[in-house]
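J.: Task: produce atomic coordinates for the following.
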Amino acid sequence: MQERKQKLEFYKEFIEKIESKDLEMGGREVPFMQEFFHFMELSDEPNIVQCRKSEQKIKVNAYAFSEDYTELNLYIAEYDIDYDDFILPEINKTGIDELAKQAKRFFTNAQFILENSDRSLEYYDLAKTILEKKKEIDEVNIFVITNTFYLSNKPIEMKIPGVETVNIHVWDMDRIYRLSEAEQGIRDFDINFTEVYDGTLQMLKVPSGEELNENYLMECYLGYIPAKLLAQLYDEWGPKLVERNVRSFLQARGGTNKGIRDTLKNPNQRGIFIAYNNGISSVAKDGIIEKIGNSNLYEIKNLTSWQIVNGGQTTASIHQAYKNGEDLSDVYVQAKLTIIKVDAEEEQDKYALEDELVSKISEYANTQNKINKSDLLANTRFMSDIEKLSRSTWIPAQHNRKSEAKWYFERARGQYMVDIGRRKKGKEQNDFKKMYPQEKVLTKVELAKYYMSWEGYPHISSKGGEEAFKRFMALNSAYWKYDTDSDGMPLINSIDQNYYKLLIARCIVNNYVADIVGKLGLKGYRANVVYYTVAMFNYLYGEQLDLEDVWIRQQGLGDWEEPINIIANRFIKYLRESAGERNVTQWAKSEECWEGFKKECAKVLSDLI
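T.: Numbering: from 1, shown residues only. You can find the predicted model right below:
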């Protein structure tokens, strides 16, 4: 009952945040979907298309292609604000299935859509690319994004003629709630193998246990875990098992996972699964572990806050096979377990040290897999310092009034709403929102995209938050990567309040340009136009704009509206013409597009003032 109440409170705050957004472009579904993207932290940011054909029951809100066009992601968003204040809005499997089919129909009806669409519409490019690359596409992922709760969590199966693999990924409010909770720090929980699962794990202890430094102590164990037990654990604990540090909900998808599924389905291969698969790497904070006789074999009866840091895809694939009724009785999974023992006087320091160590384990354990850098780097000192400055730096007073508000940097997904939820309803929550207005909440990937576009990398911002964040961190490595001085002593630069203010000033410029571009009535490519306009504006006139003054005024750029408008319109024309027969959105992600824009248009645009 208490958890249901917490979910409802979280839901109301989430909806309030969406409703506070600018709803002019694409109604509520666009800001709603973009808010979900922050939680999903996708490696390739989807392109907004907003295609809806009611008679044909076709709908797609966004899409993304892999660089080699073998994988297509389709996104469909359903945003409904008609709900009871005291009842969680829920959706069943049939509802999810119907939404997924609308996106599927876009794929199967690409020819019809192409013939009945204007070239200026962004989904025209999507339909055209599907037809051109249809033989190359061997995997389609349909992401159903809904502001309801899919509590049954039953898997959705779907097939598309000619496509080898079709995966349905459900992103509902329950998933966002759990992910948000996990982001704020894992709460200790115990898994009792003996009492609950009627068994134990037996592993060999690696004879290390040596102190790594004055704070860290680790114990390492190697062994295996029955696949059925792993599936049962994931079925019961779900996100809690995979959320530490890497923080992504996992589905069985992709070529590797298809191989896992095929092995588990084949009665002749199940028994040798352990020979084919690299298994899982995991960490725990403590456990009841007893030595067996005089051997190096140990019996693991209980684990505290057990986390899988590598092998989540294996776990998800095994879980899916378990839910589909596959026989897993003879399947075993190789496993590595690291018990982390952190010695720190303050609990907050203890969690920080644990996060740092788990981050390292996760990064090194995942060197052969694609892991979001924004997840692995979220706990760096650099990110923490920006967060601290956002909590302590007041926005300059306007019109001779005292400062009342601050920007809120959201280092962890859902942090803002969790911070609100920790306060009492009424005055306490209202005071918090007054101090940190929703329109001044800034995520780490937004910060990165705004920074990169201002610094002259609009093609990087166009690739999405993950790529922008990776490059943002690389450009600012002096603030988080240790170097050595002449004496060989480790050193690292510290950021100050002035650096922080200039970061926010870049964001203010991007928001101002976005407002101007929003008035142009674009049917597509809006984000690309914003990034390129900001980049060209700084390239031509950046020396004439004082970012410190932007921070002080906290508003638009005054007399710059007309030049910005002209730059934006010029880029729209250039983008469409220079793309030719290429997919326009993919073209905007290339450095060649940016260099061409500078070469063809910079001289003319430099004479605007």
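
J.: By mean pLDDT, point me to the weakest helix or strand of the chain.
T.: Of all helical and strand segments in the chain, the minimum by mean pLDDT, DSSP states H and E falls on helix 373-376, at a mean of 51.

J.: Show me what counts as buried in the next helix-or-strand element following that helix.
T.: Downstream of helix 373-376, the first helix or strand assigned by DSSP states H and E is helix 381-392. The neighbour-count check on helix 381-392 (16 or more other CB atoms under 10 Å) flags R381, F382, M383, D385, I386, E387, L389, S390 as buried. In this view, the C-beta of every residue, glycine as well, is placed from N, C-alpha and C.

J.: Point out where the stretch 101-250 of the chain drops to low pLDDT.
T.: Low-confidence segments of the stretch 101-250 of the chain (pLDDT under 70): 181-188, 208-217, 238-240, 242-250.

J.: List the contacts of Q232.
T.: Y197, Y322 (CB atoms under 8 Å, 6 or more residues apart in numbering).

J.: Is it correct that A397 falls within a strand?
T.: No: looking at A397 with DSSP: H, G, I helix; E, B strand; the rest coil, it is coil, so not inside a strand.

J.: Which helix or strand contains the residue lying closest to Y276 once chain neighbours are set aside?
T.: In space, and not counting its chain neighbours, Y276 is closest to T263: 5.9 Å by CB to CB, 6 or more residues apart in numbering. Assigned by DSSP H and E, T263 belongs to helix 254-265.

J.: do the same with K104
T.: helix 93-108.

J.: and the next helix or strand after that helix, how far from the chain's centre?
T.: On the C-terminal side of helix 93-108, the closest following helix or strand by DSSP H and E is helix 110-115. Helix 110-115 sits 32 Å away from the centroid of its parent chain (CA atoms, centre = their mean, to the nearest Å).

J.: what residues does helix 110-115 touch?
T.: Contacts of helix 110-115 (CB under 8 Å, 6+ apart): 51, 53, 56, 58, 106, 123-124, 126-128, 130-131, 134.

J.: Just the buried residues of these.
T.: Neighbour counting by 16+ other CB under 10 Å classes C51, K53, I58, F106, Y123, Y124, L126, A127, K128, I130 among the contacts of helix 110-115 as buried.

J.: Just send these back as TSV, with secondary structure too.
T.: Below are the buried ones among the contacts of helix 110-115 laid out as TSV (three-state DSSP):
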residue	secondary structure
C51	strand
K53	strand
I58	strand
F106	helix
Y123	helix
Y124	helix
L126	helix
A127	helix
K128	helix
I130	helix
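
J.: how about the strands of the stretch 351-500 of the chain, start to end?
T.: For the stretch 351-500 of the chain, the strands defined by DSSP state E, counting those that start in this stretch occupy 408-410, 441-443, 483-484, 490-491.

J.: in its sheet, what does the second one sit against?
T.: Which is strand 441-443. Strand 441-443 pairs in its sheet with strand 408-410 (parallel), by DSSP bridges.

J.: Looking at the strand it pairs with now, give me its mean pLDDT.
T.: Over the span of strand 408-410, the pLDDT mean works out to 93.

J.: Go ahead and name everything in contact with that strand.
T.: Contacts of strand 408-410 (CB under 8 Å, 6+ apart): 386-387, 389-391, 416, 436, 440-444, 447.

J.: next one: stretch 557-564
T.: In contact with stretch 557-564 (CB under 8 Å, 6+ apart) are residues V509, Y512, V513, I516, T533, F537, Y541, L545, V550, L605, L608, I609.

J.: ok so, going back, please report how far the residue nearest to Y276 lies from F107.
T.: Noted for T263: a distance of 28 Å to F107, by CB to CB, to the nearest Å.

J.: what does L222 give?
T.: Using CB to CB, L222 is found at 45 Å from F107.

J.: that older thread, quick check: the farthest pair among the contacts of helix 110-115?
T.: The two members of the contacts of helix 110-115 with the most space between them (CB to CB) are K53 and K134, at 19.8 Å.

J.: Looking at T263 and F107 now, which is surrounded by more residues?
T.: A direct count of neighbours by other CB atoms under 10 Å for T263 and F107 places F107 higher, at 25 against 19.

J.: so what's the more buried one up against?
T.: L72, L74, I130, V140, I160, V163.

J.: Tabulate those residues (JSON lines), appending secondary structure.
T.: Shown next, in JSON lines, are the contacts of F107 (three-state DSSP):
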{"residue": "L72", "secondary structure": "strand"}
{"residue": "L74", "secondary structure": "strand"}
{"residue": "I130", "secondary structure": "helix"}
{"residue": "V140", "secondary structure": "strand"}
{"residue": "I160", "secondary structure": "coil"}
{"residue": "V163", "secondary structure": "coil"}
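
J.: and those, which are buried?
T.: Among the contacts of F107, those classed as buried by 16+ other CB under 10 Å are L72, L74, I130, V140, I160, V163.

J.: Pretty sure F597 sits in a strand.
T.: No: counting by three-state DSSP, F597 is not part of a strand but helix.

J.: Tell me which residues touch it, please.
T.: Counting by CB under 8 Å, 6+ apart, F597 touches Y532, M536, F571, Y574, S578.

J.: I'd say the third one and V534 touch.
T.: What it means is F571. No: when contacts are counted by CB atoms under 8 Å, F571 is not listed as touching V534 (10.4 Å).

J.: which of these two has more neighbours?
T.: Between F571 and V534, counted using other CB under 10 Å, V534 has the larger neighbour count: 30 against 27.

J.: list the contacts for that one?
T.: By CB under 8 Å, 6+ apart, the contact list for V534 reads Y450, S453, W454, P458, V509, N510, V513.

J.: Give me the pLDDT for the residue lying closest to it once chain neighbours are set aside.
T.: Take V534 and drop its neighbours on the chain: the residue closest to it by CB to CB, 6+ apart is S453, 4.4 Å away. Confidence at S453, expressed as pLDDT, is 97.

J.: What's the separation between S453 and N583?
T.: Distance of S453 to N583, given as CB to CB: 21 Å.

J.: the more surrounded of the two?
T.: Between S453 and N583, counting by other CB under 10 Å, S453 is the more crowded of the two (30 against 19).

J.: Hmm, that one is touching V530, no?
T.: Yes: using CB under 8 Å, S453 is in contact with V530, at 7.4 Å.
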